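[1] missing the sequence, but the structure's below:
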C-alpha cells in the first residue's frame, strides 16, 4: 500500500502544471490584449498554468516604464515560471535586458520593431523565439483604392506617438517607399501626441485634399493637461466628425460608429501563434530551434452600415462583420 501511495505521489508530481507568465505591455482591458489573451487561452496546452502582469504603458508616463518593468521582474522572480510570453514592443524592450540571463524560454508576440539588434545585444541563457506583427499597409491601400473613383488619391494615416506607433510607421514608410510609384497614392504618415492635434488633423483632412483617413493607434493621446484620454472617446469623435471615409489597420477599430473596414490585424491570431510556440517548448523543444514567425495574414472586414454611410462598395473578398 505504501509503495502504491509513493508511486501515486511521483506520478502526480510529474504532472504538475508548468507556469507560463504573460507580461503585457498594456492593460487588461485594452482590446488588443483582450484579443491575444483569448488566442493564448484557447490554444495553450492544458499542462500550462497561465499568469499575467500588465505594464500599463498606454496610460502611464514613459518615465514610469522602467519602474513598472522592475515590478514585473519582481513578480517573475516570485513566480519562477517555465516560460515567459512578452506581449508587444515595450515588454520586449524593457524585460529582455532583465530576463536574458534567466534559465527560461521567452516567446514574444505583437512586435512591430525588428528585434534582431535587441536579441543580439541581450543574448544569454534564456532561449528566445516569437511572432512579429506588421500593419498590412500595401494590401489595405490597394483594396481601399478599388472603392474610390479612378484618380490619384491622398491617404492620411494617423497614429498616436507611442512606441508601437513609432515602430509601425517606420515599417509602413519602408513599404510605401518600395511601391509608391505602382500604387499611385500619396500617403501622409502622422505621429500625433495630443487629442487636440488629432482632432485638428481629422477636421482639416477634406480641405487638405485627403481622400481617406486610415486610423492606426490612438491610445496614448493626452489632453492639454497631459492626462491620458479614453481611447473609445477618440474613435467615436473621429467617426462622428470626419468628412471623409475612415479605415483601420486593427480589428478593434472597425465597426458601427468606428472605421468602415480594413485589412486588419487580429490579436487573437497572434496569441494562437505564440501559444503554439509555447506548446512546442513545453513538449520539449528548445525555443532557439523554433524560427521567429511572421504574423498570419490579416483579414479584410467591413461594417455594412459604415460603408453605406460613405456610399462605398467593398471588394468581394471582404467579409461583413457579425
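    Cool, the structure landed. Remember, it's a predicted structure, so these values are computed and weren't measured experimentally. Residues are numbered from 1 along each chain as shown.

[2] all contacts plus neighbour counts: C-alpha atoms, from now on.
    Will do.

[3] now do the SS call for residue 75.
    Recorded secondary structure, residue 75: helix (DSSP: H, G, I helix; E, B strand; the rest coil).

[4] could you shift the numbering so residue one becomes 54, and keep it that way?
    In the new numbering, first residue 54, that becomes residue 128.

[5] all strands of the stretch 254-375 of the chain, in order?
    Listed in chain order, the strands of the stretch 254-375 of the chain (DSSP state E, counting those that start in this stretch) span 265-268, 299-301, 314-317, 346-347, 352-355, 372-373.

[6] do the same with the stretch 104-253 of the chain
    Going by DSSP E, counting those that start in this stretch, the stretch 104-253 of the chain shows strands at 136-140, 158-164, 180-185, 206-213, 238-245.

[7] and the strands of the stretch 254-375 of the chain, which one averages the lowest pLDDT?
    Sorting these by mean pLDDT places strand 346-347 lowest, at a mean of 90.

[8] pairing partners for that strand, with directions?
    Strand 346-347 has these partner strands in its sheet, going by DSSP bridges: strand 180-185 (parallel).

[9] so which residue is dead centre in the chain?
    Centroid-nearest residue in the chain, with C-alpha atoms, centre = their mean: residue 163, separated by 4.6 Å.

[10] I figured it was touching residue 217, is that so?
    No. The pair residue 163 / residue 217 is not scored as a contact, 9.2 Å apart, by C-alpha atoms under 8 Å.

[11] give me the common contacts of those two.
    Taking C-alpha atoms under 8 Å, 6 or more residues apart in numbering as the contact rule, residue 163 and residue 217 both touch 141, 142.

[12] ok, back up a step: need the nearest residue in space to the residue nearest to the centre of the chain, chain neighbours excluded.
    Closest residue to residue 163 apart from its sequence neighbours, by C-alpha to C-alpha, 6 or more residues apart in numbering: residue 141 at 4.5 Å.

[13] who are the contact partners of that neighbour?
    Contacts of residue 141 by C-alpha under 8 Å, 6+ apart are 77, 78, 161, 162, 163, 164, 165, 217.
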